[in-house]
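Colleague: no sequence on this one, just coordinates:
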Ligand code: KG4
Ligand code: ZN
């Protein structure tokens, strides 16, 4: 049987990425981040699309070279259609369409969230590839989304809980900004938290019905708490930065952990996978592992490189869509608020 080789392009936010997957095995995964947003404390859409425009050719070229394939080996080109920033999505989509058209290669659209979920199915040669079996629960936690998803198979999934306001990643990023830590805040908080006492400060957890989440209250109470403390001691943040990071991270993790435990009890699905940028968080990874050990459930913790935005996850999703011959035409356009 001929090999199925998927070239994938991801450009939904501030990472330009291209990857090649062959028969579910990763051949290359190139990610170019964008330093330009750091000083603004968040992604500036106009600057993001310009940087994608600069990065897209070298990133795709490098991915193809590293995979050691020719354009003629590619079975289909998969690209992120949404959700994401329109200007960013347009760069990846247009590039994928042009490459497909000029080389007569089929085109596959991928929902970014579908990609985050199927990232668990990326295999690497000579690695212990741990793949979840269906059905499993996926806690999808990123900069734009926070959802609990029942994954029934590669194509069939159901959201059973989600945030009613901010995403978990936004909570990390916005609180980090208040602390003067730059963007993205999640990785910085993670690092500082490892040296702090997570029980030093207590922040209230929201009371949200069913399996839903809310993070906007935490951000506000964190800000008011700091303003009060700074009135007494202007150096409060500097003197307590590690404990603040640890306590904040602990609160976010406990909000997520409470709901995922509830979700297992409700669905009786005793397998928890985590995905999305926040799944890179050391505290969350440890907590999910600990919960699964305690209750004798199974945890699926992906490698960090597959949690934050990457094209490998778009490639594996493209692979499973290819199996279904699920192609799109040249009239396809990105959708910024694409539903999942
Ligand atoms: O999945 P992702 O790369 O992009 C979106 O689809 O949004 O997620 C980005 C988010 C950011 O909010 C970032 O702060 C967060 O993931 N993040 C982390 C860590 N690494 C990235 N949050 C907590 N701890 C980390 N180590
Ligand atoms: Zn993402």
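Modeller: Nice, thanks for sending it over. Since the model is a prediction, treat every value here as computed from it, not as a measurement. Ligands and ions are numbered 1, 2, ... in the order given.

Colleague: switch to C-alpha atoms for all contacts and neighbour counts from now on
Modeller: Fine.

Colleague: what sits against residue 237?
Modeller: With contacts taken as C-alpha atoms under 8 Å, 6 or more residues apart in numbering, residue 237 has the following neighbours: 179, 226, 230, 244.

Colleague: which of those residues lies closest to residue 133?
Modeller: Top of the list for closeness to residue 133, among these and by C-alpha to C-alpha, is residue 244 at 38.2 Å.

Colleague: Could you report the neighbour count for that closest one?
Modeller: Under the neighbour criterion other C-alpha atoms under 10 Å, residue 244 is assigned a count of 28.

Colleague: Phi and psi next, for residue 339.
Modeller: Dihedral pair for residue 339: phi -80, psi 160, per degrees, to the nearest 10.

Colleague: pLDDT value on it, please?
Modeller: Residue-level confidence at residue 339 comes out at 91, pLDDT.

Colleague: That one contacts residue 84, doesn't it?
Modeller: No. With the criterion set as C-alpha atoms under 8 Å, residue 339 and residue 84 do not qualify as a contacting pair; they are 10.9 Å apart.

Colleague: And the two? Which one has more around it.
Modeller: For residue 339 and residue 84, the more surrounded residue by other C-alpha under 10 Å is residue 84, and the numbers stand at 23 against 9.

Colleague: need the contact list for the more buried one.
Modeller: The neighbourhood of residue 84, defined by C-alpha under 8 Å, 6+ apart, consists of 12, 13, 335, 336, 337.

Colleague: rerun that using 7 Å as the cut-off
Modeller: Residues near residue 84 by C-alpha atoms under 7 Å, 6 or more residues apart in numbering: 12, 13, 336, 337.

Colleague: Using the three-state scheme, assign it.
Modeller: coil (DSSP: H, G, I helix; E, B strand; the rest coil).

Colleague: what about it, distance to ligand 1?
Modeller: If you measure residue 84 against ligand 1 using C-alpha to the nearest ligand atom, to the nearest Å, the figure is 8 Å.

Colleague: Just read off the phi/psi values of that residue.
Modeller: Geometry field for residue 84 lists phi and psi as phi 170, psi -170, criterion degrees, to the nearest 10.

Colleague: Report the separation between it and residue 15.
Modeller: With distances defined as C-alpha to C-alpha, to the nearest Å, the gap from residue 84 to residue 15 amounts to 11 Å.

Colleague: count of neighbours near residue 152?
Modeller: Residue 152 is flanked by 14 other residues according to other C-alpha under 10 Å.

Colleague: May I have the residues that are in contact with the spatially most central residue of the chain?
Modeller: Centroid-nearest residue in the chain, with C-alpha atoms, centre = their mean: residue 276, separated by 2.4 Å. Listed by C-alpha under 7 Å, 6+ apart, the contact partners of residue 276 are 116, 140, 141, 142, 307, 308.

Colleague: Just the buried subset of the contacts of residue 84, please.
Modeller: Those of the contacts of residue 84 that meet the buried threshold are 12, 13, 336, by 16 or more other C-alpha atoms under 10 Å.

Colleague: Would you mind giving these as TSV with distance to residue 255 and secondary structure added?
Modeller: As requested, these are exported to TSV (distance: C-alpha to C-alpha, whole Å; DSSP: H, G, I helix; E, B strand; the rest coil):
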residue	distance to residue 255	secondary structure
12	27	coil
13	26	coil
336	28	coil
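
Colleague: Tell me the one of those nearest residue 153?
Modeller: Proximity to residue 153 was ranked across those by C-alpha to C-alpha; first place goes to residue 12, at 24.4 Å.

Colleague: If we ignore the residues flanking it in sequence, what's nearest residue 62?
Modeller: residue 30 (7.1 Å; C-alpha to C-alpha, 6 or more residues apart in numbering).

Colleague: partners of the one you found in the sheet?
Modeller: When bridges are called by DSSP bridges, residue 30 pairs up with residue 18.

Colleague: pLDDT wise, what is it at?
Modeller: At residue 30 the predicted local confidence, pLDDT, stands at 98.

Colleague: Against ligand 1, how distant is it?
Modeller: Counting by C-alpha to the nearest ligand atom, the separation of residue 30 from ligand 1 is 14 Å.

Colleague: Ok, residue 238 next?
Modeller: Counting by C-alpha to the nearest ligand atom - residue 238 and ligand 1 are separated by 20 Å.

Colleague: How is residue 78 assigned, secondary-structure-wise?
Modeller: In the three-state summary, residue 78 is assigned as strand, counting by three-state DSSP.

Colleague: Surely it and residue 111 touch.
Modeller: No. The pair residue 78 and residue 111 does not pass the contact test of C-alpha atoms under 7 Å, sitting 10.2 Å apart.

Colleague: Looking at these two, which is more packed in?
Modeller: Neighbours of residue 78 and residue 111, each counted by other C-alpha under 10 Å, are more numerous for residue 78; the result is 35 against 22.

Colleague: what residues are up against that one?
Modeller: 6, 7, 8, 9, 107, 108, 109, 110, 314, 315, 318.

Colleague: Filter the residues you listed down to just the ones in strands.
Modeller: When those are checked against strands (DSSP state E), the matches are 6, 7, 8, 9, 107, 108, 109, 110.
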